[in-house]
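Colleague: Have a look at this prediction, sequence included:
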Amino acid sequence: MQGFNMGRYVPPEHEGVYSGNQLHKKKPAGFHGTKQTVRFEMPFGIICNHCEGHIAQGVRFNAEKNKVGNYFSTPIFAFRMRHTVCAGWIEIRTDPKNTAYVVTEGAKQKEAEKDKEPNLIKVYDPNAPAIPDDPFAKKEKDVKDKTETKQGAARIMELQGLSERQWADPWEHSRKMRKVFRAERKVLEEKAATTEAIRDRAGLHIELLDEAQEDLIRAKMIEFGPDYDQKILDAQAKPLFSSKSDTNQPPPPSKQKRKLKSELAIEKTKQNLQKELLRNTRLAIDPFLGQQERQRTDFGFKLQKRKAKDISSDNLEEAEKEDTIPEAKAVPKILSLGLDLDYSSSDEE
């Protein structure tokens, strides 16, 4: 569909003064001789006087358009058309004063359409209450509204009475609220401090929720595996072939004597120390394992090292007389633990 004056150029100096048809001396569309035929849409519902037929709003006709007068500077147009059922003439004119249309010949406007206010444009509102057209339905709706109003009024009175009872003594109500807040304030402050510490430690910038009992139970159910670093070091330091002493099976439990707890602790300490010495020796000798970091095993006691004394000429002479040196005095104490160390990685015959 082409727009108005499409393809007809209007210079700027003539724009608003002459139309494209006037400037190019062309007649508007629909002109046949001296008459202009336009497509007219019925603005409201009417009743035909010739056949008493009803013509609904929005029905379109081919109408003759004529200028019949002016209202001040606004022209008044008349649209004359034939009813397709009875071929009777119907004429409708514009009313610039009331900005409406008036039926002047061959028909009459419906009474329901006359009750409408002029210049009123209705817009559909989905939230507006539906008004029933049936008188009985309208009456039933009125009764229903009255019942709902009575029930709502009773409920409002109940709520008003409850509010008056609760706030009859505002000071007492406020005192109870402040008492509860004082009791819970310290707990809330401790929770806030703990939460803030967790956020600072973890570098979080979000709000943390309170601890839930379900989360606490689930956290307790989680078990972390053993420390595999120590086991890896033990496996690396373990000799490739076991010695004869390792292959010997212990005697049956029935033949073993029952030992005291102190004796068992001493025996366990000796075994741990022996394993540590074997492992450290192997790590020191093996070039592939010497560069790895290892942790020392805690045996439950500390070994104190003696400070090396300066061996001067006088001390040397005294040591020669005793046929020993000061550093050799610590050897019997270490060997007094009764450890049998085997540094070999294979069986020796």
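Modeller: Perfect, I can see it now. Quick caveat: nothing in here was measured; it's all calculated off a predicted structure.

Colleague: show me where this protein has strands.
Modeller: 31-32, 35-41, 46-48, 54-55, 60-71, 74-82, 89-95, 100-105, 107-109 (DSSP state E).

Colleague: quick one: low-confidence ranges for this protein?
Modeller: 1-7, 113-122, 124, 129-134, 136-137, 226-227, 236-237, 239-256, 287-349 (pLDDT under 70).

Colleague: ok, Arg234 - contacts?
Modeller: Actually, residue 234 is Asp rather than Arg. Counting by C-beta atoms under 8 Å, 6 or more residues apart in numbering, Asp234 touches 275, 279. (Glycine included, C-beta is placed from N, CA and C.)

Colleague: Quick check: it vs Thr147, distance?
Modeller: Distance check for Asp234 against Thr147: by C-beta to C-beta, to the nearest Å, it reads 87 Å.

Colleague: just to revisit the earlier point, I'd like to know which of the strands of the chain lies nearest to Trp167.
Modeller: Closest to Trp167 of the strands of the chain is strand 100-105 (C-beta to C-beta; 58.9 Å).

Colleague: Listing partners with orientation, what would you give for the closest one?
Modeller: strand 89-95 (antiparallel) (DSSP bridges).

Colleague: Pull out the buried residues from the partner strand.
Modeller: Under the neighbour-count criterion of 16 or more other C-beta atoms under 10 Å, strand 89-95 has 90-94 buried.

Colleague: biggest separation within the residues you listed, which pair?
Modeller: Checking the buried residues of strand 89-95 with C-beta to C-beta, the most distant pair is Ile90 and Thr94, at 14.8 Å.

Colleague: Could you report the distance from Val200 to Lys108?
Modeller: Actually, residue 200 is Asp rather than Val. 86 Å.

Colleague: just Arg175 next, same as before
Modeller: For Arg175, the distance to Lys108 (C-beta to C-beta) stands at 78 Å.

Colleague: repeat for Glu15
Modeller: In terms of C-beta to C-beta, Glu15 sits 44 Å off from Lys108.

Colleague: and what of Asp169?
Modeller: 73 Å.

Colleague: Check Lys65 too.
Modeller: 22 Å.

Colleague: Check Ser19 too.
Modeller: To Lys108, Ser19 is 36 Å away according to C-beta to C-beta.

Colleague: the more surrounded of the two?
Modeller: Between Ser19 and Lys108, Ser19 has the larger neighbour count (other C-beta atoms under 10 Å), namely 16 against 11.

Colleague: For that one, give its distance to Arg8.
Modeller: Look at Ser19 and Arg8: by C-beta to C-beta, they are 9 Å apart.

Colleague: Equivalent analysis for Asp145, please.
Modeller: Asp145 sits 61 Å away from Arg8, going by C-beta to C-beta.

Colleague: wait, Thr74 sits on Lys67?
Modeller: No: using C-beta atoms under 8 Å as the test, Thr74 is too far from Lys67 to be in contact (10.9 Å).

Colleague: Spell out, range by range, the helices that occur in the stretch 51-200 of the chain.
Modeller: 111-114, 135-166, 170-202 (DSSP state H, counting those that start in this stretch).

Colleague: In JSON lines, list the ones you listed along with mean neighbour count and distance to Gln274.
Modeller: Supplementary listing: the helices of the stretch 51-200 of the chain in JSON lines, determined by neighbours: other C-beta atoms under 10 Å; distance: least, C-beta to C-beta, whole Å:
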{"stretch": "helix 111-114", "mean neighbour count": "10", "distance to Gln274": "114"}
{"stretch": "helix 135-166", "mean neighbour count": "10", "distance to Gln274": "80"}
{"stretch": "helix 170-202", "mean neighbour count": "10", "distance to Gln274": "42"}
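
Colleague: Compile the ones you listed into a markdown table and extend it with columns for distance to Leu273.
Modeller: Below are the helices of the stretch 51-200 of the chain laid out as a markdown table (distance: least, C-beta to C-beta, whole Å):
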| stretch | distance to Leu273 |
| --- | --- |
| helix 111-114 | 112 |
| helix 135-166 | 77 |
| helix 170-202 | 39 |
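
Colleague: picking up where we left off before, now the strands of the chain as CSV including distance to Leu277?
Modeller: Shown next, in CSV, are those (distance: least, C-beta to C-beta, whole Å):
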stretch, distance to Leu277
strand 31-32, 122
strand 35-41, 111
strand 46-48, 119
strand 54-55, 117
strand 60-71, 112
strand 74-82, 119
strand 89-95, 118
strand 100-105, 115
strand 107-109, 119
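
Colleague: who wins for proximity to Pro135 among the ones you listed?
Modeller: The nearest among these, by C-beta to C-beta, is strand 54-55 at 22.2 Å.

Colleague: Distance check, Leu233 against Arg282.
Modeller: 10 Å.
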